[in-house]
Structure formats: C-alpha cells, structure tokens
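Engineer: My questions concern the predicted model and sequence given below.
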Amino acid sequence: MKNGIDVSYANGKIDWEKAKNDIGFAVIRSSFGSDLPGQTDNCYHRNAEGCISSGIPFGTYHFAYFTDSESAKKEAAFAIRLADMYKKHVRFIALDIEEDSVRYALQCGASPDWTECALVFLECIKKAGYRPVLYANQSWIVSMYNWEKLKDYPLWYAAPGAEKPAYKCDVWQYSWSGKVSGISGNVDLDRCFDESIFEGGKLQDGEISQINSSAEVKYTVRVKSSDGENIRSGAGTSYRILGAVPYGAKLSISRQTSGGGYTWGLTEYQGIKGWIALNFTEKIHDKSIEELAREVILGEWGAGEERKRLLTQAGYDYYAVQKRVNEIMG
C-alpha cells in the first residue's frame, strides 16, 4: 500500500524533491473541459516534469465539462494528448465529474446521461493504451450513475474523513487537509490499495517482448487464481508489470511461449496488452462445432497443418470441425 497526493494549480509551486520524502505517488490534474487555450492546468507541465525528475510515479486526471457523448470524446482526446507528452511516465488517466460539471451542463441547457458519457470517455482512454480510472464519491455512485455499468473500471474513491472506503477501490482519497513537505498549505491525501496501478506506463511500439519468438495460438482462458494475475511486458517474472487481471476474467490468447518455469500467453485486458502466466488459468471450450466450422471457412483458423495445430491446441476436435466444414462446402 502506498500513500500519495492529488494536486492541481491550486497547490501552487511544489518542491517535488522534498515531497518525495513523504509520498509514493501523485495524481496531477492535466486539464478541464475542452481542448482550448487556458484549459490545460496551469501547473500540469511543471508537476509532470517535477514528478519525473524526482522519480515519483504519477497518473493524471481531467475535470469534465462535457454535455453529451460527443463532447465526452473530445475531452478524452484532450486528456490523452496531454498524457502523450509524458507517455512513458503517465500510469493512468482519471475522469473527474462533480457538481460543477452538472452546473455547467444545466447552464448549457443540457441533461447528460452521466453514465454513458463516462463510459465513452473511459473507453477512449482505454483504446489509447492508458488505464482508465473513475473518480467518484458515494453520492455519485448511488444517485448519479448506473453503477453496474461502471463498477468494473478502476475506482478512485473520494471519502475524506471516513474510517475506510465504503466501496472496493484502487485509490482512496481520504483527506482534503493533509500536510506534505514541499507544499504550502493543505493538500489532498490518497492511499493506493493496488500498487500495480502505478507500475508500467503506456507502452511504445515494439516494447512487448517475445512477439516474434512465440507461437501463434487461438484460444480463450479464464483466470483461476483467487488473487488474479499480473500482465507483464515480457514472458517472465522479471519483466515489468503493466496491469492486473482479476479472478474469473476471460481472456483471448493470441501467442504462447515459455520462460522461467511458466507457460505464457499474450493477451489484452482493458486496453493493456501483455503476457500472463497460463499456469494460473484454465482453457474455456465455449464454441460449438458449427461456430468453429464457420470461422474456419472465413479463414480465421489458417489452413492445413496450421489449422489442425491451432484447433487442437485450443482444445477442439479438429476432425469433427473439418468434417462439418466439408459438409457445409459440399
């Protein structure tokens, strides 16, 4: 568990070298509203560069003023553009929707579906290769969102003064009046329960190891470890952790290799691509012979010996599938 802070222009000029003695991470505001001059946080670049030079892992957050799904996409693009300036260092991008977001929407004569707008924003973040995080308090979770649609995203939970979070969360904002070296006045304090959220960063092209040296496969697995699984940049426990996959998650495996006593599979989960140890998963055989035959005809399982290898490795009866293909093709 790590202790950290979240900051914006309101915290003024921060001495990050002093701050790092008290904190293990930071969440810094990058932007608010539309991609216009003046709507990048005045201290964003100074704070990002200060964290980088001081070795403090950080994520960013964007304060929402969107009024519909289309403007949510544009604001997500704004947040992504700013994160990309430090893409090797930004661990995640969080979305912050609060009462002032509602005030602005009403002022514009809009009544956004906040759940759908949040989904659009978070999915844009995920597609850009960053981990999407939602900032929310109990009031928004209970009254403003359809939480069933959002509960699977990492949560940055705001509950200052509470004894403990009321919801399972990755980061808990537990105080608005903290004191940290190098910062004048009060600062928001946070506690991170899932440290993998501050590991890694957006991968650059070619950073996933063992792509060319692994074998192409095609099957689905379910994570059976009660503690979940880490996603890594390479097939081995020495490679950096990019994210985590929870117990019960279903994953498509596209390549396979071995290393360090484990069998590894290449997969993608919530926009994070990397390797997981297949020793802690189980194969799922959830496609019928008919479905497989149709996929074979469409060329999705290769041809000849390659088709036989892929179907067999995925746990299917190659001969039964091929028989049905021959029947369909006449």
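Structural biologist: That came through fine. Numbering: from 1, shown residues only.
Engineer: Map the structural domains onto the sequence of this structure.
Structural biologist: With domains defined by automatic domain parsing, the chain comprises 2-198, 215-284, 289-329.
Engineer: need those in CSV with mean pLDDT and mean neighbour count, can you?
Structural biologist: To be clear about C-beta, it is placed using only N, CA and C from the backbone, and glycine gets the same treatment. Shown next, in CSV, are the domains of the chain (pLDDT from 0 to 100; neighbours: other C-beta atoms under 10 Å):
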stretch, mean pLDDT, mean neighbour count
domain 2-198, 95, 19
domain 215-284, 87, 18
domain 289-329, 88, 15
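Engineer: Can you tell me the centre-most residue of the chain?
Structural biologist: Centroid-nearest residue in the chain: residue 131, 2.3 Å away (criterion: C-alpha atoms, centre = their mean).
Engineer: leaving aside the residues next to it on the chain, what's closest to that residue?
Structural biologist: residue 92 (4.0 Å; C-beta to C-beta, 6 or more residues apart in numbering).
Engineer: and what of residue 45?
Structural biologist: residue 85 (7.7 Å).
Engineer: Could you give the separation of the helix or strand where residue 325 lies from the chain centroid?
Structural biologist: Using DSSP states H and E, residue 325 sits within helix 318-329. Taking the mean of its C-alpha atoms, helix 318-329 sits 40 Å from the chain's own mean (C-alpha atoms, centre = their mean, to the nearest Å).
Engineer: name the helices or strands packed onto that helix?
Structural biologist: helix 289-297, helix 304-313 (3 or more C-beta pairs under 8 Å, 6 or more residues apart in numbering; DSSP states H and E).
Engineer: That helix versus helix 304-313: what angle between them?
Structural biologist: With axes from the mean of the first three to the mean of the last three C-alpha atoms, to 10 degrees as the basis, helix 318-329 and helix 304-313 are set at 120 degrees to each other.
Engineer: Now do the biggest helix by length in the chain: distance to the chain's middle.
Structural biologist: Secondary structure of the chain per DSSP state H: the longest helix is helix 69-84. Centroid displacement of helix 69-84 relative to its chain, using C-alpha atoms, centre = their mean, is 15 Å.
Engineer: repeat for stretch 213-228
Structural biologist: Using C-alpha atoms, centre = their mean, the offset of stretch 213-228 from its chain centre is 19 Å.
Engineer: What residues does residue 274 make contact with?
Structural biologist: With contact taken as C-beta atoms under 8 Å, 6 or more residues apart in numbering, residue 274 is in contact with 208, 231, 232, 233, 242, 243, 266, 267, 268.
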